[in-house]
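Engineer: Structure of the sequence below:
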Amino acid sequence: MRHNKKFNHLSRKKGHREALLSNLAIALIQHKRIFTTVAKAKALRVFAEPLITRSKKDDMANRRLVFSYLQNKDAVKELFGVIAEKVADRPGGYLRILKTGHRLGDNAEMCMIELVDFNENMLEAAAPKKAKTTRRSRSKKAAAPAEAAAEAPKAEETPAAEEAKAE
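Structural biologist: Numbering: from 1, shown residues only. Model (predicted):
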């Protein structure tokens, strides 16, 4: 029975799958953004996010545990240095998957997976902008000149109407 065995095997045996995910995680850590298939990206997110969480606490046990998964000193150094500083206050959700369409050769669904805190374009868009107050009713300042303008023609018409009545 395969109760509670939900992870995607990616049509590979265990050793090949672990090597694939390790290599994808190393590339993601070094380049901050990679393009791959959606299935691999979802499997990579499950593999990489616990490693990023471990990197928040920089001690020898966590470094050795992450190194046992990645087998790359440069990636571990980058993860515990630059990436850990940026994600220190984030409670989770370190990776973002953005679908990019289908691959031309085999029509596989492609996507871009990236570290959330390293996309400057998205960070600028998410920066807190000046809050606008939207109101359905007209404000008193805008209503006062409009009422005055509406009353002024009536005042001009009133003497003209009186002259017309006098004649």
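
Engineer: lowest average confidence, helix or strand, in this protein?
Structural biologist: Least confident helix or strand, the chain: helix 140-166 with a mean of 60, by mean pLDDT, DSSP states H and E.

Engineer: and residue 42, how many neighbours?
Structural biologist: 18 (other Cβ atoms under 10 Å). Quick note: C-beta positions are derived from backbone N, CA and C, even for glycine.

Engineer: That one and residue 6 touch, don't they?
Structural biologist: No. Between residue 42 and residue 6 there is no contact under Cβ atoms under 8 Å: 11.3 Å.

Engineer: Low-confidence stretches in this structure?
Structural biologist: Scanning the chain for pLDDT under 70 picks out 129-133, 135, 138-167.

Engineer: Pop the domain breakdown of it in here.
Structural biologist: 14-120, 134-167 (automatic domain parsing).

Engineer: Which stretch among those is buried most, on average?
Structural biologist: Most buried of the domains of the chain by mean neighbour count (mean count of other Cβ atoms under 10 Å) is domain 14-120; its value is a mean of 15.

Engineer: Quick one: distance of it to the chain centre.
Structural biologist: How far domain 14-120 lies from its chain's middle: 15 Å, per Cα atoms, centre = their mean, to the nearest Å.

Engineer: Endpoints of it, how far apart?
Structural biologist: 36 Å (Cα to Cα, to the nearest Å).

Engineer: can you map out the strands along this structure?
Structural biologist: 33-37, 95-102, 109-115 (DSSP state E).

Engineer: between the second one and strand 109-115, how many degrees?
Structural biologist: Same thing as strand 95-102. Orientation of strand 95-102 against strand 109-115 (axes from the mean of the first three to the mean of the last three Cα atoms, to 10 degrees) gives an angle of 150 degrees.
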